[in-house]
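A.B. asks: generate a structure from the sequence data that follows.
(2 chains)
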Number of protein chains: 2
Amino acid sequence: MDAFRRFTGLAESLLPTVPFVGPETQERAMGAAFRARLGANENGFGPAPSVIEAMREAAPLSWRYADPENHDLRAALGTHLCLSPGRIVVGERIDGLLGLVVRLVVTHDTPVVTSLGAYPTFNYHVAGFGGRLVTVPYRADREDLDALTEAVRREDAPLVYLANPDNPMGSWHRAEAIVEFANALPETTLLVLDEAYCEFAPADAVPAIDALADKPNVIRFRTFSKAYGLAGQRIGYGFGTTGTISRFDRVRNHFGVNRLGQVAALAALADELWLAHVKSSVSRSLERIAEIGRGNGLAPLPTATNFIALDCGDGARAKTILEELAKEGIFIRMPGPAPLNRCIRISAGPAAEIDILAETVPKVLAKLG
Amino acid sequence: MDAFRRFTGLAESLLPTVPFVGPETQERAMGAAFRARLGANENGFGPAPSVIEAMREAAPLSWRYADPENHDLRAALGTHLCLSPGRIVVGERIDGLLGLVVRLVVTHDTPVVTSLGAYPTFNYHVAGFGGRLVTVPYRADREDLDALTEAVRREDAPLVYLANPDNPMGSWHRAEAIVEFANALPETTLLVLDEAYCEFAPADAVPAIDALADKPNVIRFRTFSKAYGLAGQRIGYGFGTTGTISRFDRVRNHFGVNRLGQVAALAALADELWLAHVKSSVSRSLERIAEIGRGNGLAPLPTATNFIALDCGDGARAKTILEELAKEGIFIRMPGPAPLNRCIRISAGPAAEIDILAETVPKVLAKLG
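C.D. replies: Coordinates of the predicted model:
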């Protein structure tokens, strides 16, 4: 093997891993483009026209480095969240921020608690820094708050991950339950609360900002990838106490956020009408996908996100349905572990793509018998 | 302090550090925008019109995640470099790739060799992963290859950094000297060869691709930030042997590169005419800055980059000149350690900004007496 021979023991122990295979990889393998791109919980309703315009206008200035302080965006987020900008960190999507928080907390064999089947990219980072994942099964398709608390205490874990609403199941807990969970954690355990989908959730599923804002052991992460339709621009942010947030300045790539992403995020935050349009479009789209599910014997699960899980009965059948849909040009994904893997996960999308889904699901099911 | 109390010992030992203060931070402090932005070695001649057009066209698809394999860009770079795509990694600028390579090699107290006054962001990463920097002084304003080799051997260092052409001095070594340096290194030392400015360098200062391509202990990094005018889009790449390059897949943020950045880089690579235009514009601009220096008793140093160092005599005088130019609305930078700090560093830029420089330098020097 023609590799340098003195990488760290940790680096040599890691397997080459890809948390998610991109649809482009599948398209190259198939030799054809997907007709419906409904697998990555992207927002096919797109960024706002005002955002596209702002990006187009700013494109000629792409020769400039972005402001490493993300000053204007943090100021706008501060207004949005009623938090001082010093309590906000802007990063390279939640993925990038998760990597940094893991790096700040995890060393060799550090126990880290998450749910079995929750966000793989978090797990990838934990493995990448030598941590030891401790997983807790879902209960009734929701992350199990009591079991997470119990695992944290048993392992004396310094880090626990919780997504609310949850990905991949779309389920959620009420705000009070999340706050109670956070309050029950030891002060020596940092809660990473991933709220990537919070803009789609019912109001009573999202804790008020001030409910957790003064807890040094809570960081909440949000993103412009989902509701704001900017997955390609990779802008996420986190907020917490000034002291906890300040630690990111010791390890983050200060010039890491791209300039057009900053411009786009600022414009997106200002366009509340478009956000409302997206939310109602997503809601209509999900209702159609649910109907397609019900009409074909695939029971839809409740969702507080921009995607929906359809129950296919068991893991083998779900996998076959996913593969057959891919052959028909429809990109979707599904959870890994049982019993979550009895479901397929379909993202909301434009009507034309849902039409293709509506037409294809019965065909595929008929073929499978 | 309202910070979580269980960050790693390493995280707690780090000082909050910013490798570079952005010009925007200075502008906010001054309450005024710079009239000439000549400090960050950006390319004020901008990305090609064809690149801007490609970005504008792609903006509406920013809701899509970028291809995590960077397939098309690696394929194009493969053609460009005559290397198979498996030998190329695309990342979030050289900064991001430097962070990854440091992470792959450095653990607690690992000795890492670089030159005293070379790229601070590399040093930031080394500190951030707990490494121990071993620095070697420049010799005659060039990185001292013999002293670097000697330090590597003395310390048994697994990692050494070399920029050719050099930043901040603009100096360079001939290709043969670089190849000889690489060949003299132990196989257990990884050479990071930062070629951010190579497109501006004389042909005989850049080793042929195949001169180092089969050495598992060499990675060469290049970027779209400089000659291609895309600093804001943060796209860099590295190349080496398949085995060495494959290690990045174990730790990189697979969806880390932004989609418009991929689009822009592909378009930039295809527009050779614009690159030629930029190179001649930079060359003319540097000649004017050199003249301004000579006309004002600030001797210009030879350069193989898009910036030029002007010798102000001593560090105190250079610092005063830099500060006075900033007050006049001109953003430049200067090296940190002596004796490099006798110089100010000025980036090539559009004629209008060089006019401002030409007018302001004599004023500032007259004021200083």
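A.B. asks: average model confidence for stretch A:101-120?
C.D. replies: The average pLDDT for stretch A:101-120 rounds to 98.
A.B. asks: and for stretch A:306-314?
C.D. replies: 98.
A.B. asks: tell me which helix or strand comes right after the biggest helix by length in chain A.
C.D. replies: With residue count as the measure and DSSP state H as the assignment, chain A has helix A:272-295 as its longest helix. Next along the chain after helix A:272-295, taking DSSP states H and E as the criterion, comes strand A:299-300.
A.B. asks: quick check: which helices or strands does that next one pack against?
C.D. replies: Helices and strands touching strand A:299-300, as assessed by 3 or more CB pairs under 8 Å, 6 or more residues apart in numbering or on different chains; DSSP states H and E, comprise helix A:272-295, strand A:307-311. Heads up, the C-betas are built off the backbone N, CA and C, glycines and all.
A.B. asks: about what we covered before: show residues contacting the longest helix of chain A.
C.D. replies: Defining contact as CB atoms under 8 Å, 6 or more residues apart in numbering or on different chains, one finds that helix A:272-295 is touched by A:43, A:45, A:48-51, A:199-200, A:227-229, A:268, A:298-300, A:303, A:306-308, A:310-311, A:346, A:348-351, A:354, A:357-358, A:361-362.
A.B. asks: any idea of the angle that helix forms with strand A:307-311?
C.D. replies: Helix A:272-295 and strand A:307-311 are oriented at 10 degrees to each other (axes from the mean of the first three to the mean of the last three CA atoms, to 10 degrees).
A.B. asks: how about helix A:272-295: buried residues?
C.D. replies: The neighbour-count criterion (16 or more other CB atoms under 10 Å in any protein chain shown) identifies A:Trp274, A:Leu275, A:Val278, A:Ser281, A:Val282, A:Ser285, A:Leu286, A:Arg288, A:Ile289, A:Ala290, A:Ile292, A:Gly293 as the buried residues of helix A:272-295.
A.B. asks: try stretch A:154-161
C.D. replies: Residues of stretch A:154-161 classed as buried by neighbour count (16+ other CB under 10 Å): A:Glu155, A:Ala157, A:Pro158, A:Leu159, A:Val160, A:Tyr161.
A.B. asks: so how far is A:Gly99 from the first one?
C.D. replies: Summarising the geometry, the distance separating A:Glu155 from A:Gly99, computed by CB to CB, to the nearest Å, is 22 Å.
A.B. asks: same check on A:Arg28?
C.D. replies: Between A:Arg28 and A:Gly99 the distance is 27 Å, computed by CB to CB.
A.B. asks: of those two, who's got more company?
C.D. replies: Set side by side, A:Arg28 and A:Gly99 give different neighbour counts by other CB atoms under 10 Å in any protein chain shown, the larger being at A:Gly99 (26 against 15).
A.B. asks: anything in the helix or strand harbouring the more buried one near chain B?
C.D. replies: With the criterion set as DSSP H and E, the secondary-structure element containing A:Gly99 is helix A:93-105. Yes: with CB under 8 Å from any CB of the partner chain as the measure, helix A:93-105 is seen reaching chain B through A:Arg93, A:Asp95, A:Gly96, A:Gly99, A:Arg103, A:Leu104, A:Val105.
A.B. asks: which residues of chain A fall in strands?
C.D. replies: Assigned strands in chain A, in chain order: A:36-37, A:88-91, A:111-115, A:132-136, A:159-163, A:190-194, A:218-223, A:236-239, A:299-300, A:307-311, A:330-331, A:343-347 (criterion: DSSP state E).
A.B. asks: which of those is buried the deepest?
C.D. replies: Most buried of the strands of chain A by mean neighbour count (mean count of other CB atoms under 10 Å in any protein chain shown) is strand A:343-347; its value is a mean of 27.
A.B. asks: hmm, who's touching that one?
C.D. replies: The list of residues contacting strand A:343-347 from outside it, by CB under 8 Å, 6+ apart, reads A:38-42, A:44, A:168-170, A:289, A:298, A:301, A:306-312, A:318, A:321-322, A:325, A:332-335, A:357.
A.B. asks: of those, buried ones?
C.D. replies: Among these, those scoring as buried are A:38-42, A:44, A:168-170, A:289, A:298, A:301, A:306-312, A:318, A:321-322, A:325, A:332-335, A:357 (criterion: 16+ other CB under 10 Å).
A.B. asks: show me what the helix holding A:Gly99 is packed up against.
C.D. replies: strand A:88-91, helix A:120-128, strand A:159-163, strand A:190-194, strand A:218-223, strand A:236-239, helix B:9-13.
A.B. asks: low pLDDT regions in the stretch 251-369 of chain A?
C.D. replies: Counting by pLDDT under 70, the stretch 251-369 of chain A contains no low-confidence range.
A.B. asks: what number of residues lie near the closest residue to chain B within the stretch 1-150 of chain A?
C.D. replies: Minimum separation of the stretch 1-150 of chain A from chain B (CB to the nearest CB) falls at A:Ala3, amounting to 2.9 Å. Around A:Ala3 sit 17 other residues, with neighbours defined as other CB under 10 Å.
A.B. asks: go on, the one 5 residues further on?
C.D. replies: Using other CB under 10 Å as the criterion, A:Thr8 is surrounded by 17 other residues.
A.B. asks: hmm, back to that, save the helices and strands packed on strand A:299-300 as a markdown table, and put in distance to B:Arg342 too.
C.D. replies: Converted to a markdown table, those look like this (distance: least, CB to CB, whole Å):
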| stretch | distance to B:Arg342 |
| --- | --- |
| helix A:272-295 | 54 |
| strand A:307-311 | 60 |
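A.B. asks: quick check: residues of the stretch 51-200 of chain A near chain B?
C.D. replies: Near chain B, the residues belonging to the stretch 51-200 of chain A are A:51-52, A:55-56, A:59-69, A:71, A:92-93, A:95-96, A:99, A:103-107, A:128, A:158, A:187-190 when assessed by CB under 8 Å from any CB.
A.B. asks: and the buried ones among the residues you listed, selectable in PyMOL?
C.D. replies: For the buried members of these, the matching PyMOL selection, counting by 16+ other CB under 10 Å, is:
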select buried, chain A and resi 51+52+55+56+59+60+62+63+64+65+66+67+68+69+71+92+93+95+96+99+103+104+105+106+107+128+158+189+190
